[in-house]
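Enquirer: Just the structure for this:
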Amino acid sequence: MENIKSIRTIISDLNGIPRGKRLPISHLDKILESGSRMPLSVLNLDLIGNDIEKSPLVFESGDSDGNLYATERGPIKVTWLKKPTLYVQQESFNEDNTPFEGDPRHALSSILKRYKNKQLTPVISTELEFCLTNSSGLPTPAISPATGKPMAGQEILSLQELDGLDGFFDDLYEACEEMNISAQAALTESGLGQFEINLDHGDALKIADDTWLFRQAARGVALKHNMRATFMAKPYDTEAGNGLHIHFSVLDNNGNNIFNDNSKTGSKQLKSAVSGCLDFMRDSTLIFAPNFNSYSRFTAGAHAPTIINWGYENRTTAIRIPGGIPSARRIEHRVAGGDANPYLMIAAILGAALTGMEGGKEATNPISGNGYEVKGTSIINDWNSAIQCFSSSEKIKGIFDPLLIRSFIDCKTQEFNYFNTKSVDEIKQITINAI
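Expert: Numbers count the residues shown, from 1 in each chain. Okay, the predicted model is just below:
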């Protein structure tokens, strides 16, 4: 801990935005041993950072504090600030130290307990897309250090584009190593100044933490290089948007992948998990697309799904079953935008998959060819309809606690009413500042 003068306590709110405090390094032992206190209402702020007017966590409860304790990760070294510092990631608890059910990390933990009770273990990885833009104002392409000119679009798998940003990616990988984030391949994507980082597969809660922390690292390192990394779903109207994809398989108590039956199509459990994901997809849209800007991403032919469907080795579908050796059989869920809260997104998908496996109904009719042109039920493509669908869903009640459901609905309703008075550019500016 040499030369480190300060720490940041950080916790995810419902929008996936980090909230917390800055403290002198002398407080570290106390934070790790005894935790800290913070109003629980902080986990239910809107995208701008305002209290939710109807929240029971504010006036109804006297805006009471809860207990915050460090996660099992421990102190996390931060490399991109001018002076070395530490993050201490926390999760929240009520006064009696029971989990605060409005905490998105606890929502995922609850789903994982359901898997554990069945002697099952999800193994996941995530793919994060983001764009590098100018450091302030509305999004425009960042200046390439190699050319001194704005980055161009349609540079899919361009090593030249990656090499031009060698300093940024070196610093980003160094930050990930210090934070114990297992970042794998980096590649350029089809959007303007768009990149993708793959995180290694592993324990679902750790990978959710890695995904959330990676967003902080990417934004911090980008600012160090006079750029801005944004995970907003659609930075540019005419370019592909940013996605957050999850790959997952499920292991039994002996460590065997239950999606693998040594066939080319996968096991009954895989098809039942797919069935659950498809069945829950419309009701979960607000989790996958939580903001006004999110719905601009659902455009046919723009590398984001628009129809609730599935297929083998098909990137035009909402659910893809990747090829490869049978022992690596897995599901890729491709719906969520880069702005989704990873804890809620992963909880919604794993909860839907488990419900599908419990019901035993197998998905049928995988599509081949262009998934945008096949008839089927559309993914909800407007924010208000997604809020209403989530609000009235009985399925969502089987995944999330009532407090979290109410808090998320109240948050998104307040944001909808606020953004309804703003121009598209104003909304885009607010969103890129936050995400």
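Enquirer: Let me know the pLDDT of Asn94.
Expert: Looking at Asn94, its pLDDT reads 94.
Enquirer: next SSE after the worst-scoring helix or strand of the chain on mean pLDDT?
Expert: Here the helix or strand of the chain ranked lowest by mean pLDDT, DSSP states H and E is helix 159-164, holding a mean of 68. Next helix or strand after helix 159-164 toward the C-terminus (DSSP states H and E): helix 166-178.
Enquirer: helix or strand right after that next one?
Expert: Assigned by DSSP H and E, the successor of helix 166-178 is strand 183-188.
Enquirer: That next one pairs with which strands, parallel or anti?
Expert: Sheet pairing of strand 183-188 (DSSP bridges) gives strand 194-199 (antiparallel).
Enquirer: which non-adjacent residue is nearest the most centrally placed residue in the chain?
Expert: Compute the mean C-alpha point of the chain, and by CA atoms, centre = their mean the closest residue is Pro342, 2.6 Å away. Of all residues not flanking Pro342 in the chain, Thr211 sits nearest, at 4.1 Å (CB to CB, 6 or more residues apart in numbering). (Each C-beta comes from the backbone N, C-alpha and C, glycine too.)
Enquirer: Could I get the contacting residues of the one you found?
Expert: Thr126, Leu128, Leu199, Leu244, Pro342 (CB atoms under 8 Å, 6 or more residues apart in numbering).
Enquirer: any idea which helix or strand carries it?
Expert: Using DSSP H and E, Thr211 sits in helix 204-224.
Enquirer: what distance separates that helix from the centre of its chain?
Expert: Chain-centre distance of helix 204-224: 10 Å, with CA atoms, centre = their mean, to the nearest Å.
Enquirer: Using PDB, write out every CA atom in it.
Expert: Extracted C-alpha coordinates of helix 204-224, given in PDB (Å, rounded to 0.1, in the frame of the first residue of the first chain):
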ATOM      1  CA  ALA A 204     -20.900 -15.800 -12.400                       C
ATOM      2  CA  LEU A 205     -20.700 -13.300  -9.500                       C
ATOM      3  CA  LYS A 206     -17.000 -12.600 -10.100                       C
ATOM      4  CA  ILE A 207     -17.500 -12.100 -13.800                       C
ATOM      5  CA  ALA A 208     -20.400  -9.700 -13.000                       C
ATOM      6  CA  ASP A 209     -18.100  -7.800 -10.700                       C
ATOM      7  CA  ASP A 210     -15.400  -7.900 -13.400                       C
ATOM      8  CA  THR A 211     -17.800  -6.500 -16.000                       C
ATOM      9  CA  TRP A 212     -19.000  -3.700 -13.800                       C
ATOM     10  CA  LEU A 213     -15.400  -2.800 -12.700                       C
ATOM     11  CA  PHE A 214     -14.100  -3.000 -16.300                       C
ATOM     12  CA  ARG A 215     -16.500  -0.200 -17.300                       C
ATOM     13  CA  GLN A 216     -15.000   2.000 -14.600                       C
ATOM     14  CA  ALA A 217     -11.500   1.100 -15.700                       C
ATOM     15  CA  ALA A 218     -12.200   1.800 -19.400                       C
ATOM     16  CA  ARG A 219     -13.700   5.200 -18.700                       C
ATOM     17  CA  GLY A 220     -10.900   6.100 -16.300                       C
ATOM     18  CA  VAL A 221      -8.000   5.000 -18.700                       C
ATOM     19  CA  ALA A 222      -9.700   6.800 -21.600                       C
ATOM     20  CA  LEU A 223      -9.800  10.100 -19.700                       C
ATOM     21  CA  LYS A 224      -6.100   9.700 -18.900                       C
END
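Enquirer: Show me what counts as buried in that helix.
Expert: 204-222, 224 (16 or more other CB atoms under 10 Å).
Enquirer: how far is stretch 366-373 from where the chain is centred?
Expert: Here the centre of stretch 366-373 is set off from its chain's centre by 26 Å, with CA atoms, centre = their mean.
Enquirer: Among the contacts of Thr211, pick out the one closest to Ser41, please.
Expert: Distance to Ser41 across those (CB to CB) is lowest for Pro342, with 21.9 Å.
Enquirer: what sits against the closest one?
Expert: Gly16, Thr126, Ala208, Thr211, Trp212, Leu244 are the contacts of Pro342 under CB under 8 Å, 6+ apart.
Enquirer: want to try a markdown table for the residues you listed, with distance to Lys82 and pLDDT as columns?
Expert: Formatted as a markdown table, these follow (distance: CB to CB, whole Å; pLDDT from 0 to 100):
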| residue | distance to Lys82 | pLDDT |
| --- | --- | --- |
| Gly16 | 26 | 97 |
| Thr126 | 30 | 97 |
| Ala208 | 29 | 97 |
| Thr211 | 26 | 97 |
| Trp212 | 23 | 97 |
| Leu244 | 30 | 97 |
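Enquirer: Farthest pair within those?
Expert: Pairwise distances across these peak at 12.8 Å for Gly16 and Thr126 (criterion: CB to CB).
Enquirer: how far away is the residue nearest to Pro342 from Pro56?
Expert: 29 Å (CB to CB, to the nearest Å).
Enquirer: same check, this time on Leu244
Expert: For Leu244, the distance to Pro56 equals 29 Å [CB to CB].
Enquirer: Repeat that for Gly376.
Expert: Taken as CB to CB, the span from Gly376 to Pro56 is 39 Å.
Enquirer: Sketch out the low-pLDDT regions of the stretch 151-300 of the chain for me.
Expert: Residues of the stretch 151-300 of the chain that meet the criterion pLDDT under 70 lie in 152-162, 189-190.
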